[in-house]
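**Student:** Pasted the sequence and its predicted model underneath.
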Amino acid sequence: MSQRQAARRVLPRSPFQPKVAKEVEDWQVDDRVCHDSRGLGRVVRVDAESIVVDFGSGTICGVALTSPKLSKL
């Protein structure tokens, strides 16, 4: 990176904010989660790039680790 690029500043209200990578949460089996469209669930299995969540009533789905729709409770 050149010195000129490092010296650039971004105004607080600029629509061109630098992208900040979302931290990947540390998921464990039996963690309670909330999904924006599927609701509350419990982690059943943790894979390398996804987790498997049981949302109850027989609905079991795989969700990407970096999914913005999933949050830990």
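**Tutor:** All right, it came through fine.
**Student:** Need the three-state assignment for the spatially closest residue to Val52 that is not a sequence neighbour.
**Tutor:** Using CB to CB, 6 or more residues apart in numbering and skipping the chain neighbours, the partner closest in space to Val52 is Arg45 (4.2 Å). Every C-beta, even on glycine, is put in place using the N, C-alpha and C of the backbone. Under the three-state scheme (DSSP: H, G, I helix; E, B strand; the rest coil), Arg45 adopts strand.
**Student:** quick one: the helices in the protein?
**Tutor:** In the chain, the helices defined using DSSP state H lie at 3-6.
**Student:** Tell me how many other residues crowd Leu70.
**Tutor:** 20 (other CB atoms under 10 Å).
**Student:** if we can go back for a sec, hmm, Val29 and the residue nearest to Val52 touching each other?
**Tutor:** Yes: counting by CB atoms under 8 Å, Arg45 touches Val29, with 6.8 Å between them.
**Student:** and the residue nearest to Val52, what is it in contact with?
**Tutor:** 29, 51-52 (CB atoms under 8 Å, 6 or more residues apart in numbering).
**Student:** Compare those residues and tell me which is most surrounded.
**Tutor:** Sorting the contacts of Arg45 by how many neighbours each has (other CB under 10 Å) puts Ile51 first, at 23 neighbours.
**Student:** can you tell me how far that one sits from Cys61?
**Tutor:** 9 Å (CB to CB, to the nearest Å).
**Student:** Between those two, which contacts overlap?
**Tutor:** Counting by CB under 8 Å, 6+ apart, nothing touches both Ile51 and Cys61.
**Student:** Can you give me the distance of the nearest residue to Leu40 once chain neighbours are set aside to Ile51?
**Tutor:** Setting aside the residues directly before and after it, Leu40 is nearest to Cys34 in space (CB to CB, 6+ apart), at 5.7 Å. According to CB to CB, Cys34 and Ile51 sit 13 Å apart.
**Student:** Which stretches in the protein count as strands?
**Tutor:** In the chain, strands defined by DSSP state E lie at 32-35, 39-46, 50-54, 60-64, 70-72, listed in chain order.
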